[in-house]
Each structure stands twice: as structure tokens, then as C-alpha cells.
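Enquirer: Pasting the sequence and the predicted model now:
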Amino acid sequence: MNAIIALCHFCEAHGPCPILCTHTLRDTKIDELENNSNDNENNCPGCNSIGKTVGLLSQDSESNANFLSTQTTVINDILPLVKQAAVRSLSCEVSNTKDGSLVFFGDASRGHVLSYTFQIHDSQARGFYRLFSIIVLMKDKMYLLNVQPFLADHLEKISTELQSYSLKIHSADEAKYSERAHRLNSGYASTQPPRSLVELTGETNIFAYIHSHFAWILWMGARCLTENINIGLPPFETTINTLDPFSVIQLKNKDSNQTRKLFMDNDNEHFDIIRRYQIILGEHFSAACYCVLVGIQIILRGTPSITNDCLKCFAKLLPETMHHLICMESPQYLPPNKCRILSVLPHVAVPQPSEKIFRIDFTEDSDEVHIKWHGTLPNKYPDLLTKLLKSIDEKLLPDVVLMKQLRVLVEEWKNKVACLQTISSNQDLIKVKKVLGVQPHDLALISYWSNSLMTQ
């Protein structure tokens, strides 16, 4: 995900400023990056994090992406945008809740920002707390809004853990010496300089901890949608050192779902799989796609060499988080409440086709198929199916581009469903559906995906 994630704070002596910025860098020589900090800048403990000449680096060998955290952004063009976003996130664009919530602001020229503002306990600060924010800055507005549910969840977890650390330190400070009682008796506040986040939380490696979370968010965000807009990487001249103890984070996916892994393996080798099965299934292709999207059970009978590819084709039409509903090479029939897309060997007994069961029987060592389904297609397809079929029929789209387009469309509707799940009021639900463009012919898809995503 080509974004900047920054931790910002409001210093009582120097005002709002970013103190840790995490970038995604590709095809960039790390040892040639430039230090953008000004030697004349203040050395306030609260405004400093890992130092002006130090960086925390994590690498993803699969995508050749580097996730670099520095005290000041190393991208020259972005530096004023990050500083401006920090000021806004800690002054005018602040949520009215103490626990924090996401606020969206920005424009095309200054970048679009999602800001999460929260409080950290500090017995020496004005009001006995310090104001912090986490900002996510991007050029792509729609991409940022589409991953908003994902960001809201994980930014809240980061802030909650930081608050829990600071509460322990604050309680210990008050037990030793009550700053509150001193102020009430003397009428004067503390004159000590602002403390760093390390002192506030009692965690020596707190910035390495934050870096690992920011890097994971950028890494995982790239897997939610494929985004091609670059913020810009100008040439760099001087050197920034890497802090070795925290230079690498664990990026392996610990997903135990073997079926999901199989669909993700060697994905680059199946760019033509969608159009190939459009030809094989012929006039039944639209009906099969409709059943996949609305949850009508599909049963594939045949040899694994044939049925597995068909399963992979259908898997492309669903979010990866719904691949647990697909069962490959099952030794017996599974009901729809356990599996929606099922492949079995030819000798396995399965129910007869009906309105709720779509049967595809492959002949041995052949692409010839026998398809039976007693249901009927609606007069108007779900919007996602209409766009999928239109993209597949577009001959000017190469197979590689088609696969990326399908993934974007699927993730777009996954995010719409996730957004609708957060609405509790029927009146608000009607308004949000109108904003998202959800029509009555989309309700079957919405219902199926909502239930499946909640039970994943």
C-alpha cells in the first residue's frame, strides 16, 4: 500500500509534529536515502523518537517491498504534507470522543488523510494527558476509504495498547508523588520538559513495536486492494543507518486453511483461467458465476486435475476471507452450511440438481461438461456480476489486467458489505445503501457475504 503512516503528538512547548513516519519503498536503494531533518530543529525529548539519522527497516522478499520508519519522512515532496496533516489531526480535525475514532480530511493537492486521535496519560502534562494521533496519508481517495474498516480496527488496537502502557506508568508516578495534589496546593503546573513516549510507556523498544505494526498495516493493506498510484520517490543523496535489532519483522501468513493456500499458490500461472472456463461452461457461465456470488451450492464431479482448476476459477470471484467455504477433493458430500463450492470424485454420491444445487459433471480426461440447475437467473443481475461479466467480455483487457480488475471489483464489494455491517439503524442503513449504490438486485449477494464474512 503506497501510503505514509505517521505517529504524531502535540508538544506543549513546540506544538503538533510527526515523530515517526513509516513508508513503503520499492526499487529504492535504502543506503542512498536522504535525511530531511533540519540540524536547527529542537531536541525536545517529546518531539524525538528514534533519532534523526536512524531508520527501522522491514523487508518483504515476496513483493520486494521495504518498509522504512524514520523520525522525519525521507520523501521530500511529502514532508510538508505530513507536517500539515499532523497539525490538522491534533487541532481542528479531532474526534469528540476521548477514546478516539477515525476522521477523514484532505484534498487532491494536499493528499487525503485518515486520522485517529487518542490520549496518553502523563502526570506532568497539562490536563494530565498528552494528545497523540496516527495519520494515514495517500493520494488515492477511494482506495483509502475502501480500506477504512481495516485501518479503524488496527489503529484502535495500537492506541489501546499504548494507553495501557502509559496508564501503568501514570499510576506508578501518582503513587510516588501526586502531581495533581501538588498543583492543587501550589497553583503551578510542572515546568519539566515534555517526556518522550519511551518514558510515558516504560517500554524501551516502543518505537520498534510501533514500526512493526505500521509495516504490517502497509503490507496487509496492499493485499486488500491493488493500488497503482505512487506518491513519488525523488532521488536521495545522503545515508541513513538501519537499526539492526529491529530491521526485520515476521511477514509470513500463518493461515492454516490449506484450500486458501492452494488458491493463492502460483497465482501468476492462471491468468487465463477465467476466460478459459467461460468457454468451457458456455451459456451456463453466467449462471455459475451468479450461484458463486449469492451462495447457491455448486458441486463439481470429476477428476481432480479438471475440477481443481474450475474451483480456482470460482475462487477468483470471492474474497479470500470466504475461501473457507470452498472444499477441494472432498471424500463425501458436504451440505451448504459447511461448503458452498465442492469438488468430489465421480464415484461420490451427491444430491440431484435443484434450485439450491448447481451440478457440473466433467467427463474423464476431457473438458466436456454436463451442467444441470433448476433455478432461474433474475431479470437484473447483481451489480458485481454485471461488472465482472463486462470486464471478462472486454477483449482489449489482457488476462493479467483482467485478473487485477476482478480482484478490485470483488474487494470493493467486500468493503461495501463490511461497511453495511457496522450500521445498526434502519434509517441510516437506507442512507448508506444509497451512498454505496446498493440496489434491490444486490441484496442476495449482500446477505450471503454478510453472513459468511461474520463467520469466517
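Expert: Now that the structure is in, tell me what you want to look at. Residues are numbered from 1 along each chain as shown.
Enquirer: the helices in the stretch 201-350 of the chain, which residues?
Expert: 206-224, 258-264, 273-281, 285-294, 304-315 (DSSP state H, counting those that start in this stretch).
Enquirer: Contact partners for the closest residue to residue 294 other than its chain neighbours?
Expert: Nearest residue to residue 294, sequence neighbours excluded (C-beta to C-beta, 6 or more residues apart in numbering): residue 444, at 4.3 Å. Just so you know, the C-beta spots here come from the backbone N, C-alpha and C atoms, and that holds for glycine as well. For residue 444, the contact set (C-beta atoms under 8 Å, 6 or more residues apart in numbering) comprises 294, 295, 382.
Enquirer: Tell me the pLDDT of residue 444.
Expert: Looking at residue 444, its pLDDT stands at 93.
Enquirer: Tell me how far the residue lying closest to residue 436 once chain neighbours are set aside lies from residue 433.
Expert: The spatial neighbour of residue 436 that comes closest, neighbours along the chain excluded (C-beta to C-beta, 6+ apart), is residue 416 at 4.9 Å. Note on residue 416: its distance to residue 433, by C-beta to C-beta, to the nearest Å, is 9 Å.
Enquirer: What's the local residue count around residue 375?
Expert: 15 (other C-beta atoms under 10 Å).
Enquirer: Just the buried positions in the helix or strand that contains residue 453, please.
Expert: Using DSSP states H and E, residue 453 maps to helix 443-454. Neighbour-count burial for helix 443-454 flags 444, 445, 446, 448, 449, 452 (criterion: 16 or more other C-beta atoms under 10 Å).
Enquirer: With distance to residue 107 as extra columns, can I get those residues in CSV?
Expert: Converted to CSV, the buried residues of helix 443-454 look like this (distance: C-beta to C-beta, whole Å):
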residue, distance to residue 107
444, 38
445, 33
446, 32
448, 37
449, 32
452, 37
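Enquirer: closest to residue 143 among the contacts of residue 444?
Expert: Closest to residue 143 out of the contacts of residue 444 is residue 382 (22.8 Å), distances taken as C-beta to C-beta.
Enquirer: list the helices and strands the strand or helix carrying residue 10 packs on?
Expert: Using DSSP H and E, residue 10 sits within strand 4-11. Counting contacts by 3 or more C-beta pairs under 8 Å, 6 or more residues apart in numbering; DSSP states H and E, strand 4-11 is packed against strand 15-26, helix 79-89, strand 129-138, helix 206-224.
Enquirer: from the chain's centre, how far out does stretch 8-22 sit?
Expert: Put simply, stretch 8-22 sits 25 Å off its chain's centre (C-alpha atoms, centre = their mean, to the nearest Å).
Enquirer: Begin at 56 from now on, thanks
Expert: In the new numbering, first residue 56, that becomes stretch 63-77.
Enquirer: Could you pull out the buried residues of it?
Expert: For stretch 63-77, by 16+ other C-beta under 10 Å, it's 63, 64, 65, 66, 67, 71, 72, 73, 74, 75, 76, 77.
Enquirer: Stretch 189-201 too?
Expert: Buried residues in stretch 189-201, counting neighbours by 16+ other C-beta under 10 Å, are found at 189, 190, 191, 192, 193, 194, 195, 198, 199, 200, 201.
Enquirer: same check, this time on stretch 396-407
Expert: Using 16+ other C-beta under 10 Å as the test for burial, stretch 396-407 gives 396, 397, 398, 399, 405.
Enquirer: Please verify my assumption that residue 161 contacts residue 167.
Expert: Yes: using C-beta atoms under 8 Å, residue 161 makes contact with residue 167 at a distance of 4.0 Å.
Enquirer: Are any of the contacts of residue 499 buried, and if so which?
Expert: 349, 350, 437.
Enquirer: Just give me the closest of those residues to residue 264.
Expert: Distances from residue 264 to the buried ones among the contacts of residue 499, taken as C-beta to C-beta, are shortest for residue 350 (40.6 Å).
Enquirer: where does the stretch 306-455 of the chain have low pLDDT?
Expert: Flagging of the stretch 306-455 of the chain using pLDDT under 70 yields the residue ranges 306-325, 420-422.
Enquirer: can you pull out the strands in it?
Expert: For the stretch 306-455 of the chain, the strands defined by DSSP state E, counting those that start in this stretch occupy 352-356, 381-385, 396-399, 412-417, 424-427.
Enquirer: could you dump the ones you listed to TSV with distance to residue 215?
Expert: Listed next are these as TSV, based on distance: least, C-beta to C-beta, whole Å:
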stretch	distance to residue 215
strand 352-356	41
strand 381-385	35
strand 396-399	38
strand 412-417	45
strand 424-427	51
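Enquirer: Please identify the most buried of those strands.
Expert: strand 396-399 (a mean of 26; mean count of other C-beta atoms under 10 Å).
Enquirer: by contact count, what packs against that strand?
Expert: Packing contacts for strand 396-399, counted by 3+ C-beta pairs under 8 Å, 6+ apart, involve strand 352-356, helix 359-370, strand 381-385.
Enquirer: which residues sit in contact with residue 488?
Expert: Applying C-beta under 8 Å, 6+ apart, we find residue 488 in contact with residue 475.
Enquirer: Then residue 336?
Expert: Residues in contact with residue 336 (C-beta under 8 Å, 6+ apart) are 343, 415, 424, 426.
Enquirer: For those, work out which two are farthest apart.
Expert: Greatest spacing in the contacts of residue 336, by C-beta to C-beta: 343 and 424 (10.2 Å).
Enquirer: Find residues that contact each of these two.
Expert: Residues touching both residue 343 and residue 424 by C-beta under 8 Å, 6+ apart: 336, 415.
Enquirer: how about the helices of the stretch 256-405 of the chain, which one is nearest residue 447?
Expert: Each of the helices of the stretch 256-405 of the chain has some distance to residue 447 by C-beta to C-beta; the shortest is helix 328-336, at 5.9 Å.
Enquirer: tell me the angle the closest one makes with strand 412-417.
Expert: Here helix 328-336 points in a direction 90 degrees away from that of strand 412-417 (axes from the mean of the first three to the mean of the last three C-alpha atoms, to 10 degrees).
Enquirer: What are the buried residues along helix 328-336?
Expert: Neighbour-count burial for helix 328-336, with 16+ other C-beta under 10 Å as criterion, is recorded at 328, 329, 330, 331, 332, 333, 335, 336.
Enquirer: For residue 361, which non-adjacent residue is closest in space?
Expert: Nearest non-adjacent residue to residue 361, counting by C-beta to C-beta, 6+ apart: residue 417, 4.7 Å away.
Enquirer: Between the helices and strands packed on strand 59-66, which one is closest to residue 107.
Expert: In terms of C-beta to C-beta, the element of the helices and strands packed on strand 59-66 nearest to residue 107 is strand 70-81, at 11.3 Å.
Enquirer: just the angle between the closest one and strand 59-66, please?
Expert: Going by the same axes, to 10 degrees, strand 70-81 makes 170 degrees with strand 59-66.
Enquirer: Can you get me the centre-to-centre distance for strand 70-81 and its chain?
Expert: For strand 70-81, the distance to the chain centre is 19 Å (C-alpha atoms, centre = their mean).
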